[in-house]
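*Asks:* Predicted model and sequence below, questions to follow.
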Amino acid sequence: MSQSSFDVFALWKEIYNRTESVWQDAIQETLEKKSFAESLGQIQSQYVQYQELVNKMTESYLKQANIPTRDEIANVASLIVNVDSKIDQLEDEFDEERERIFKEIDALKKSVASLEKKLDKVIDLLNKSLETTEEPQTSVAAAANKAVSK
């Protein structure tokens, strides 16, 4: 008895090789036809119409259920981002203004301290000059000292 080996995989490979070129030609011929492109365009148009219908129905349902739509949520998110950026801008402006005010206050403190020193010198000079002069002028200096100390 002779045994002949039968290779199934070789048979499948041979069938594939013979039919592949035939199928490739048939598919290529179908893809090149104008009618195929037209039918593909019609299918796409119908899909777009179906998608619009689904979107309208979904939006209608969400309105009836009092649930916000994706567009409404996106709008609110956009508004929040805008408010957040405005708050950041205001914080920056506030910080700059606060620094400017602190600088002005420091300058005023220095100016007032300088004026106080000068005023003290003026009062001392007035007191010295009044001590050397008459009694009525001493009461004027005392009144000036009271006014300044208040």
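*Replies:* Right, received. Where do you want to start?

*Asks:* Low-confidence regions, the chain specifically.
*Replies:* 1-4, 134-150 (pLDDT under 70).

*Asks:* now the helices for it?
*Replies:* Taking DSSP state H, the helices of the chain run over residues 8-32, 34-64, 70-132, 135-149.

*Asks:* can you put those in a markdown table and add mean neighbour count?
*Replies:* C-beta here means a position set from N, CA and C on the backbone, and glycine is covered the same way. Below are the helices of the chain laid out as a markdown table (neighbours: other C-beta atoms under 10 Å):
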| stretch | mean neighbour count |
| --- | --- |
| helix 8-32 | 10 |
| helix 34-64 | 10 |
| helix 70-132 | 11 |
| helix 135-149 | 11 |
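
*Asks:* so what's the backbone phi/psi at I67?
*Replies:* phi -120, psi 130 (degrees, to the nearest 10).

*Asks:* residues near it, how many?
*Replies:* By other C-beta atoms under 10 Å, the residues close to I67 number 10.

*Asks:* Of all residues in the chain, which one is nearest the centre?
*Replies:* The residue lying closest to the centre of the chain (C-alpha atoms, centre = their mean) is V81, at 4.7 Å.

*Asks:* Against I73, how distant is that one?
*Replies:* 13 Å (C-beta to C-beta, to the nearest Å).

*Asks:* Find the residues that touch each one of the two.
*Replies:* Residues touching both V81 and I73 (C-beta atoms under 8 Å, 6 or more residues apart in numbering): none.

*Asks:* Would you enumerate the residues in contact with the closest residue to E59 other than its chain neighbours?
*Replies:* Distances taken as C-beta to C-beta, 6 or more residues apart in numbering put T69 closest to E59, at 5.6 Å, once the chain neighbours are dropped. By C-beta under 8 Å, 6+ apart, T69 lies in contact with 58-59, 62-63.
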